[in-house]
Structures are given as C-alpha cells and as structure tokens.
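A.B. asks: quick one, fold the following:
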Amino acid sequence: MKDENHENRFTLTGKTSRGLLFLLILFGCFLLAGKRLFFTDNAAKEEKQLCKSYTSIEIRPGDSLWSIAAEYITDDYDSVQDYVKEIKSWNGLETDEIHAGRFLIIPYHFHQ
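C.D. replies: Predicted coordinates:
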C-alpha cells in the first residue's frame, strides 16, 4: 500500500523552478516600472537643469561689491566671497573698487 501523502507531494523540477524564478523577476520589473510611471517624487522635480545667466545693474551711490553681492547672491553659491570673485571675473575687475552711475554684470543661477 502506497502512502497517499507521498503521491500528492508537490516537487519542483529544474524547469518549473526556472519558470517560477522568471515570473518573479518579471513581476518585480512590472512593480518597478509602475512605481516610476505612476508615482512622482521630489528627486524627479529636482532634476531640472541648473542654468547660469546674468543681468546688468546700475551702481548706486553707497554701493560696494560686497553689498551688491549680498543682495543678489543665490543659494547656489558657497559664500559671498565666492560670489564677489565671480562678479569681478564677469566684469574684468582686478580690485573691489566700483563707481556710482556705472553698470555691473551680475551672474545668477536658475533652474529650467
């Protein structure tokens, strides 16, 4: 007499286990694709390209390079000192001396 429990056992063959593995991988791929298609996150919004542009301002009486830099600096610069260096570079200035009535090119960053 055969053991009935032995006859009803489920055994995995190599082919069956490979098929199940394939289905699990396929299911995982669908889950990942669905997450990317249907759920947005802040990282995707932050992938906007950082661009640099400039504007021209007229120097007012009492302005200094440092006061102008403090007024126009954005979060993309490490310090006011770095920003002053960039303003000087854009304007071909070797010193911090500026004069009222003249114009300065002021660089800035924006996200596009």
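
A.B. asks: point out where this structure drops to low pLDDT.
C.D. replies: Counting by pLDDT under 70, the chain contains low-confidence ranges at 1-17, 19-23, 26, 29-47.

A.B. asks: quick one: contacts for the residue nearest to His99 when sequence neighbours are not counted?
C.D. replies: By the measure of Cβ to Cβ, 6 or more residues apart in numbering, the closest residue to His99 outside its immediate chain neighbours is Ile59, 6.4 Å from it. Heads up, the C-betas are built off the backbone N, CA and C, glycines and all. For Ile59, the set of contacting residues under the criterion of Cβ atoms under 8 Å, 6 or more residues apart in numbering consists of Ile68, Ile98, His99, Ala100, Gly101, Arg102, Phe103, Leu104.

A.B. asks: using TSV, lay out these together with neighbour count and secondary structure.
C.D. replies: Listed next are the contacts of Ile59 as TSV, based on neighbours: other Cβ atoms under 10 Å; DSSP: H, G, I helix; E, B strand; the rest coil:
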residue	neighbour count	secondary structure
Ile68	19	helix
Ile98	17	coil
His99	8	coil
Ala100	10	coil
Gly101	8	coil
Arg102	11	coil
Phe103	11	strand
Leu104	20	strand
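
A.B. asks: between all of these, which two are separated the most?
C.D. replies: Using Cβ to Cβ, the pair of the contacts of Ile59 lying farthest apart is Ile68 and Gly101, separated by 14.1 Å.

A.B. asks: Ser53 is in contact with Ile106, isn't it?
C.D. replies: No - contact between Ser53 and Ile106 fails when scored by Cβ atoms under 8 Å: they sit 9.7 Å apart.
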